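# Sequence first, predicted coordinates after that:
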Amino acid sequence: MKKRLLALSMAVVMAFGLTACGGSGSGNAGTTTAAAGGSETTAAAASGKTYKIKLHHDLAEDSSQHEGLVKLKDLVEEKSGGAVQIQIFPNNTLGSDEEVAEMLQTGSVEAALIPTAKLSGFYAPLQLLDLPFVFPNRDACYGALDDAEFKSMLLDPMGDIGFKGINFWESGFKQFTANKPLHTPDDFKGVNFRTMSSPLILDQFKALGANPTPIDFGETYNALQNGTVDGEENPLVSIVSMKFYEVQKNCTISNHAYLAYALLFSKSFWDTLPEDIQKIIDDAATEAVQEERQMTVDREAGYIETIKASGCEVNELTADEIAALTEVMKPVHEKYRDVIGSDTLDKAYEIIDKYNK
């Protein structure tokens, strides 16, 4: 009898021990992942707590942005030992960029990758990144975007309006497409261009003597096809993925502006994360953005060949032609000096120049 009681007591103790160690299903899975994958064991993983993140972006699953975010997801989930679980929502599944930005502010969406041009209504200084010819080349661009002072200057103040800025991603430098060649400022006069609904971008085209018309990105192909507008500007990835070259006769490689994305978190959600989880996300974003940018660069030659193969003529601006366009659009910089912040703009010029090689 005593032996049976002792055996029963030991069984109860063992069962209790297994239950206590196991925790919830998600917590146990996270801790096991950490051990099996050789990743860091976070405090959250050890406690069995799980943080679930909905991550929005506006492009297709074959885009470098999506693939970069998959890299981010994999790194974070591995390094956190499963304590963080990220679900990516591409193609504006959760809503438009502007709608999702509002969801970040309320905390109903945890993270998003959003074009900085579409955030200007929330935080005006981000328009600095949309200024024409503000980045002379990719070295200067990437150097500035990854510079700690530059990032802090533009992203940290967004905490006051509900965003936690992590870093800057890209669609790349913008090019022009139109139904005629574009080489000089005079070539732009009277041409109807589709634009984003950004005052700064509208003023960029007005400076060229063109007629800018804000049209939703998804409606741009139809607008070009039916002649509502004669041209548009976008990075090569967008020109090819949306097949704008099918309804345009010319593509001008100008690198006249840059389409940056900001990786943002809901500030209210970010503040609930333990410091070790925050660091894991920061480090993963730093690694993933390098891969995303390299994919963008590697694919651009193929994009140009796709455009050429369609019969759309591709022209590359000369240094003198770029200088002439830069001069015509220079007043846009000064017009937005007070909007961006005079000190911010001057500091940006200084940092960009430091990396200009």
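It's in. Only a predicted model underlies this, so the values are computations on that prediction, with no experimental measurement involved.
# longest strand in the chain, by residue count?
The strand that spans the most residues within the chain, counting by DSSP state E, is strand 163-178.
# Each with direction, which strands does that strand pair with?
Paired with strand 163-178 in the same sheet, following DSSP bridges, are strand 231-235 (antiparallel), strand 250-253 (antiparallel), strand 258-266 (antiparallel).
# Next, format those as CSV and append distance to residue 284.
For the C-beta atoms, the positions are set from N, CA and C on the backbone; glycine is no exception. Listed next are those as CSV, based on distance: least, C-beta to C-beta, whole Å:
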stretch, distance to residue 284
strand 231-235, 24
strand 250-253, 33
strand 258-266, 10
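# and those as JSON lines, adding mean pLDDT and mean neighbour count?
Converted to JSON lines, the strands paired with strand 163-178 look like this (pLDDT from 0 to 100; neighbours: other C-beta atoms under 10 Å):
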{"stretch": "strand 231-235", "mean pLDDT": "97", "mean neighbour count": "24"}
{"stretch": "strand 250-253", "mean pLDDT": "98", "mean neighbour count": "21"}
{"stretch": "strand 258-266", "mean pLDDT": "97", "mean neighbour count": "25"}
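# closest one to residue 144 among these?
strand 258-266 (10.3 Å; C-beta to C-beta).
# With just CA atoms, put the closest one into CSV.
C-alpha atoms of strand 258-266 as CSV (Å, rounded to 0.1, in the frame of the first residue of the first chain):
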residue,chain,number,x,y,z
TYR,A,258,14.0,58.6,-54.4
LEU,A,259,11.1,56.5,-53.2
ALA,A,260,12.0,55.6,-49.6
TYR,A,261,9.9,53.5,-47.2
ALA,A,262,9.9,53.8,-43.4
LEU,A,263,9.7,50.7,-41.3
LEU,A,264,7.4,51.7,-38.5
PHE,A,265,6.0,50.1,-35.4
SER,A,266,3.0,51.3,-33.3
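# 572 is where my numbering starts, stick with that
With the count now opening at 572, the last piece we talked about shows up as strand 829-837.
# helix or strand right after that strand?
helix 838-841 (DSSP states H and E).
# before we move on, back to that, quick one, which of the strands paired with strand 734-749 gets closest to residue 781.
It is, among the strands paired with strand 734-749 and with distance given as C-beta to C-beta, strand 802-806, at 8.0 Å.
# and the next element down the chain from that closest one?
Later in the chain than strand 802-806, the nearest helix or strand by DSSP H and E is helix 807-812.
# Which strands and helices lie in contact with that next one?
In this structure, helix 807-812 makes packing contacts with strand 734-749, helix 846-880, judged by 3 or more C-beta pairs under 8 Å, 6 or more residues apart in numbering; DSSP states H and E.
# so what secondary structure elements neighbour the strand or helix carrying residue 923?
Element membership of residue 923, judged by DSSP H and E, is helix 913-926. The helices and strands touching helix 913-926, judged by 3+ C-beta pairs under 8 Å, 6+ apart, are helix 709-717, helix 719-726.
# Out of the ones you listed, which is closest to residue 759?
Across the helices and strands packed on helix 913-926, residue 759 has its closest neighbour in helix 709-717 (23.7 Å, C-beta to C-beta).
# And the closest one, how far out from the chain middle?
15 Å (C-alpha atoms, centre = their mean, to the nearest Å).
# buried stuff in that helix?
Counting neighbours by 16 or more other C-beta atoms under 10 Å, one finds that the buried residues in helix 709-717 are 709, 711-717.
# if we can go back for a sec, most tightly surrounded among the helices and strands packed on helix 807-812?
Comparing those by mean neighbour count (mean count of other C-beta atoms under 10 Å), strand 734-749 comes out on top with a mean of 24.
# buried ones in the next helix-or-strand element following that one?
Using DSSP H and E, the helix or strand that follows strand 734-749 in sequence is helix 756-759. Residues of helix 756-759 classed as buried: 756, 758-759 (neighbour count, 16+ other C-beta under 10 Å).
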